[in-house]
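>>> Next one to model:
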Amino acid sequence: QVHVVESGGGSVQAGGSLTLSCIVSGSITRVASMGWYRQAPGMQREEVAGITSGGSTNYADSVKGRFTISRDNAKNTIYLQMNNLRPEDTAVYYCNADVLTPDMLYEYLHWGQGTQVTVSS
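Residues are numbered from 1 along each chain as shown. This is a model prediction of the structure:
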């Protein structure tokens, strides 16, 4: 069984910062790509940032220059440093991970339960 757990959400004022963490645990052979998505009320879930096991990253245009994704492969953990937060960043932030487990031939995408980020103006 694989567990994906996010932490670090909270409430901040516009211009503030937060750091989210996501740890993958369980019966794991390998964790490949990981990423952050977000979903605001009444909106579709959108990709925020992604990172491969080799450290290559990608970002949504709306967060480039403000958010930084990083990874600690030894801990199966990724982080999302969010600076200069805006009210429109308010959403539930979800982590996902492509995980290969001993009983599978291919990686399977696992999702966390999400963590709320609220930015007030």
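>>> got the contact list for Arg66?
Contact partners of Arg66, counting by CB atoms under 8 Å, 6 or more residues apart in numbering, are 82-85. For every residue, glycine as well, the C-beta is placed using N, CA and C.
>>> How about Gly50?
Contacts for Gly50 (CB under 8 Å, 6+ apart) come out as 33-36, 57-58, 69.
>>> how does it look with 6 Å?
When contacts are counted by CB atoms under 6 Å, 6 or more residues apart in numbering, Gly50 touches 35, 58.
>>> what's the pLDDT at it?
Note on Gly50: pLDDT of 98.
>>> what helix or strand does it sit in?
Element membership for Gly50, per DSSP states H and E: strand 46-51.
>>> Just give me how far that strand sits from the chain centre.
7 Å (CA atoms, centre = their mean, to the nearest Å).
>>> what's the answer for stretch 21-39, then?
The answer for stretch 21-39 is 8 Å, by CA atoms, centre = their mean.
>>> Next: stretch 35-47.
Remark: stretch 35-47 is offset 11 Å from the chain centroid, using CA atoms, centre = their mean.
>>> what residue lies at the spatial centre of the protein?
Trp36 (2.7 Å; CA atoms, centre = their mean).
>>> for the nearest residue to that one once chain neighbours are set aside, what are its contacts?
Spatial nearest neighbour of Trp36, excluding adjacent residues (CB to CB, 6 or more residues apart in numbering): Val48 at 4.3 Å. Taking CB under 6 Å, 6+ apart as the criterion, Val48 is in contact with 36-38, 60, 63.
>>> go again using 7 Å as the cut-off
36-38, 60, 63, 67 (CB atoms under 7 Å, 6 or more residues apart in numbering).
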